[in-house]
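> With the sequence up front, the predicted model follows.
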Amino acid sequence: MILDAKTSDLNQIHSPGSPIKAKNSSVSNKIAAPKKPLAEKSELTKNSINNTSQSWFHRNLGTKRELPFRLPGQNLEWLQSCRKVAREHFIKYGFPQKGEESWKYTRTNLITKGEYSFPEPLSIKLDVEEIAHLIQVDKSEFRMVFVNGYFTPHLSSLMKVPRELTIKSLAEILDNRPELAEPYLARIVKTDRQGFCAINTTAMNDGAFIHIPANTKLTHPIHLLYLNYSQNKPIICQPRNLFVFDHNSEAMVVENHVSLSENSHFCNSVTEIDLGDGAKLNHQWVQNENPLALHISTLTAKQGADSQFTSNNFALGAALCRSDVDSKLEGEGAKCTINGFYLTDNNRHMDFHTRIDHFKPHCRSQELVKGILAQKSRGVFNGKLVVHPGANGTDASQKNANLLLSKEAEADSKPELEIFADDVKCAHGATVGQLDGDALFYLTSRGIAKKEAEQLLTMGFAQEVIDLIDHQPWQRWVRELIQKRLTHFLGAP
Amino acid sequence: MLNINNLHAQVDDKDILKGINLNIAPGEVHVVMGPNGSGKSTLANLLAGRDGYTVSQGEVIYKGKDLLTIPTEERAWAGIFLAFQYPVEIPGVSNLQLLKAALNAKRRNNNLKELDAFEFLEMVRSKIDSVGMSEELLQRAVNVGFSGGEKKRNEILQMTILEPDLVILDETDSGLDIDALRIVGRSIEAMRDSQRAFLIVTHYQRMLDSIKPDYIHVLSDGYIVKTGGSELALELEERGYSWLGKGEAA
């Protein structure tokens, strides 16, 4: 075991026959702040939210009159109504407030105080050569490149997409074949009291639309590459993705977020996923933006019977990164695996939230989330698991481990279990620790210099999550990325 | 090669070693025996460079240098190797990674060319059979999920690959079955030559069935209370330690 000292192990195994009712079981290595009632905000604060959210919206996305010219699908009544509702939600509730339990750690003021410009399509010219290092991972991949949120065909590679599949820009789908998106778009995520999701829904202009028809298996990964480029004023990008997997279909999708400039930018992405019965999605998410970037990511999946959703999330860059990965297990026997890894230094902040809803019997979910925190950085894991009435035979496990590389770093770990069914098995555990002194001595006694030994142990800590990427070239790529970052933190051996 | 003069050491202000004198010349095999808590493991760990010990008196000279001021990794480069009593599990770092990093660090610091992946693998393969380990264990994380015997054999594999000048074995025999013990004994015998010295810490005489030491020292309550030849082991086996008494007898 690599962790020692300050380690608190919390393991609860609930086996059949010993039903438990644990509500909001909250574990944190800090004393939790008293919960404030979230219910209704007073008239006064409501008005001030109205004003601030309205003015934020106008400043950064445009007025009600300006905005529509930029957005696709203007003639679609259903879409207009989604946007309108989302806008109303945002005006009413604004951005999440510190007092809200699930946002209490996230320093959203970094974002809400910012001034952003709405990027124009293709404001910069790029050659494929300039992004060669980002697209060499798997040469036979299907690739969609987005520059500042806009689909950029000349950098993409979709020539060989089989006819029966649809891998296209969302803007194009909304303009030409909206009926493919209509049953799903803005129906899987919520915008009510979800400020970031609400502004994305109101102002979404592009993203990836993927439809895999029934009984189709795609052998090569689909790579969605998001390039952000801010010149002076930070830009705001709001990618909106929709993946629809019909029954028994299977594919791998990689979302990859990168900065092309050193300036701050704000990415607020939303991904909705609908997995039919027996469908399998192998999903990787890598955020490696520059140290000034701000990143909010919301992903929600809806799973049919016997479907399998695996999502490996690597948050490596950005000053503030908050990522929410949720799944609703709506069919019997569905399986959901959400893994996460965050790596931070300086006073950067990483926030990883998951919510898994077990609605039906015999579903399985498992989570492994690891964080490496250097200097004064902070990492937060909040894993919520809800086992709804009737979801008997649920098998869920959740593990969070944090490695602190400095005394000033902070890890907050908060598993939340809400169980309303009998005959369930739920295990969770959280640890916070430092590099193991015995392991360090073991390595140095073999002649490995202290710095190199620290690197090996720290990389070894990350390895467990990296190994979960079930695709060799991408696994290697992520490992190298993390190795590079670690060398940067710890100094070359 | 190694001269320990009047060594006094404490752990958390508790006296553990109370004036050890021990001289080891190249080619010699020394065995340190003694009851639990007599300071055997402290001596072994202190020589290898583990933190947490305070040396209040005395000195340790290794190859003419003051060993106690040399950082742990540099002791390894200079040829010291400790086989751990409890080998550490290191998740996420493969056995092969550890061996290669260790060997190349030593070579680099002794002005030898580092081995590339191919040369290294070939070298490891040539040695792995002799310690009775399967190649599959090389790809696995260091000691993770290894049985007690596999962990000890892994220490021996590291020893044969790093080719140290002074081998310190800290209760390598404990927890081994007869077959594994024989393999360990054979590996040590095979490594024995006129230049290499061994300091073997053990509880039991059975380790000495396969290795014939030059000297046996009995450590008790921080002192070496008796030193003798290999015949001393048999006497200890028969009579235990109590007849030797405690204190500054030696």
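Yes, it's here.

> Just give me the residue closest to the centre of the chain.
Assuming you mean chain A. Centroid-nearest residue in chain A, with Cα atoms, centre = their mean: residue A:323, separated by 3.7 Å.

> let's do chain B instead
Nearest to the geometric centre of chain B sits residue B:168, at 1.9 Å (Cα atoms, centre = their mean).

> For that residue, pull up the helix or strand it's in.
Applying DSSP states H and E as the criterion places residue B:168 in strand B:166-170.

> what residues does the stretch 301-450 of chain A put near chain B?
A:436-439, A:441-450 (Cβ under 8 Å from any Cβ of the partner chain). Heads up, the C-betas are built off the backbone N, CA and C, glycines and all.

> hmm, back to that, elements contacting the helix or strand hosting the residue nearest to the centre of chain A?
Element membership for residue A:323 (DSSP H and E) is strand A:320-329. Judged by 3 or more Cβ pairs under 8 Å, 6 or more residues apart in numbering or on different chains; DSSP states H and E, the packing partners of strand A:320-329 are strand A:280-288, strand A:294-303, strand A:308-315, strand A:335-344, strand A:349-358.

> again, 7 Å this time
Counting contacts by 3 or more Cβ pairs under 7 Å, 6 or more residues apart in numbering or on different chains; DSSP states H and E, strand A:320-329 packs against strand A:294-303, strand A:308-315, strand A:335-344, strand A:349-358.

> In its sheet, which strands sit next to the second one, and in what direction?
For strand A:308-315, the paired strands and their directions (DSSP bridges) are strand A:280-288 (parallel), strand A:335-344 (parallel).

> just the angle between the first one and strand A:349-358, please?
What it means is strand A:280-288. Inter-element angle recorded for strand A:280-288 and strand A:349-358: 170 degrees (by axes from the mean of the first three to the mean of the last three Cα atoms, to 10 degrees).

> Once you drop chain neighbours, what's closest to residue B:236?
Closest residue in space to residue B:236, ignoring its immediate chain neighbours: residue B:33 at 6.2 Å, by Cβ to Cβ, 6 or more residues apart in numbering or on different chains.

> and the one you found, what does it touch?
Counting by Cβ atoms under 7 Å, 6 or more residues apart in numbering or on different chains, residue B:33 makes contact with B:202, B:216, B:218, B:236.

> what pairs with the second one across the strands?
Taking DSSP bridges, one obtains residue B:31, residue B:228 as the residues bridged to residue B:216.

> Might one say that residue B:228 is in contact with residue B:217?
No. With contact defined as Cβ atoms under 7 Å, residue B:228 does not count as touching residue B:217 (8.3 Å).

> Of these two, which one has the most company?
Using other Cβ atoms under 10 Å in any protein chain shown as the criterion, residue B:228 and residue B:217 rank with residue B:217 on top: 24 against 13.

> which stretches of the chain have low pLDDT?
All of this is about chain A. A:1-50, A:68-69, A:122-124, A:492-493 (pLDDT under 70).

> meant chain B actually
B:245-250.

> and it, which residues reach chain A?
B:48-50, B:72-73, B:76-77, B:82, B:84, B:88-93, B:97-98, B:101-102, B:105-106, B:158 (Cβ under 7 Å from any Cβ of the partner chain).

> Out of those residues, list just those in strands.
Judged by DSSP state E, the residues of chain B next to chain A include B:82, B:90-93 as members of strands.

> From those residues, pick the one nearest chain A.
Nearest to chain A among those is residue B:92, at 2.8 Å by Cβ to the nearest Cβ.

> That closest one and residue A:459, how far apart?
Separation of residue B:92 from residue A:459 (Cβ to Cβ, to the nearest Å): 7 Å.

> And residue A:335, by the same measure?
Per Cβ to Cβ, residue A:335 is found 29 Å from residue A:459.

> again, but for residue A:76
49 Å.

> Walking through chain B, point out its helices one by one.
B:40-48, B:72-77, B:95-109, B:117-128, B:136-139, B:148-162, B:178-191, B:231-239 (DSSP state H).

> For the closest residue to the residue nearest to the centre of chain A other than its chain neighbours, list the residues it contacts.
What sits nearest to residue A:323 in space, not counting adjacent residues and going by Cβ to Cβ, 6+ apart, is residue A:297, at 4.3 Å. Residue A:297 makes contact with A:269, A:323-324, according to Cβ under 7 Å, 6+ apart.

> neighbours of residue A:301, just the number please.
A count of neighbours around residue A:301, defined by other Cβ under 10 Å, yields 27.

> Pretty sure it sits against residue A:308.
No. In this structure, residue A:301 is not within contact of residue A:308 by Cβ under 7 Å, at 10.7 Å.

> tell me the contacts of residue B:237?
residue B:205.

> From chain A, how far out is it?
From residue B:237 across to chain A, the span is 31 Å (Cβ to the nearest Cβ, to the nearest Å).

> before we move on, what about residue B:130?
Taking Cβ to the nearest Cβ, one finds residue B:130 at 19 Å from chain A.

> ok, now which ones touch the residue nearest to that residue when sequence neighbours are not counted?
Once flanking residues are discounted, residue B:130 sits nearest to residue B:187: 6.3 Å by Cβ to Cβ, 6+ apart. By Cβ under 7 Å, 6+ apart, the residues touching residue B:187 are B:130-131, B:156, B:160.

> Now restrict those to buried residues only.
B:131, B:156, B:160 (16 or more other Cβ atoms under 10 Å in any protein chain shown).

> of all the residues you listed, which comes closest to residue A:232?
The nearest member of these to residue A:232, counting by Cβ to Cβ, is residue B:160 at 62.8 Å.

> What separation do you get for the most far-flung residue of chain B relative to its centre and residue A:424?
Ranked by distance from the centre of chain B (Cα atoms, centre = their mean), the top residue is residue B:118, with 29.1 Å. Using Cβ to Cβ, residue B:118 is found at 52 Å from residue A:424.

> what about residue A:331, which helix or strand?
With DSSP H and E as the test, residue A:331 turns up in no helix or strand.

> That one contacts residue A:305, doesn't it?
Yes. Counting by Cβ under 7 Å, residue A:331 touches residue A:305, with 3.0 Å between them.

> anything in contact with each of these two?
Contact criterion Cβ under 7 Å, 6+ apart; residues bridging residue A:331 and residue A:305 by contacting each: residue A:277.

> Find the nearest non-adjacent residue to residue 204, please.
Picked chain A for this. Of all residues not flanking residue A:204 in the chain, residue A:240 sits nearest, at 3.8 Å (Cβ to Cβ, 6+ apart).

> wrong chain, I was asking about chain B
Counting by Cβ to Cβ, 6+ apart, residue B:204 lies nearest to residue B:173, which is 6.2 Å off, once chain neighbours are set aside.
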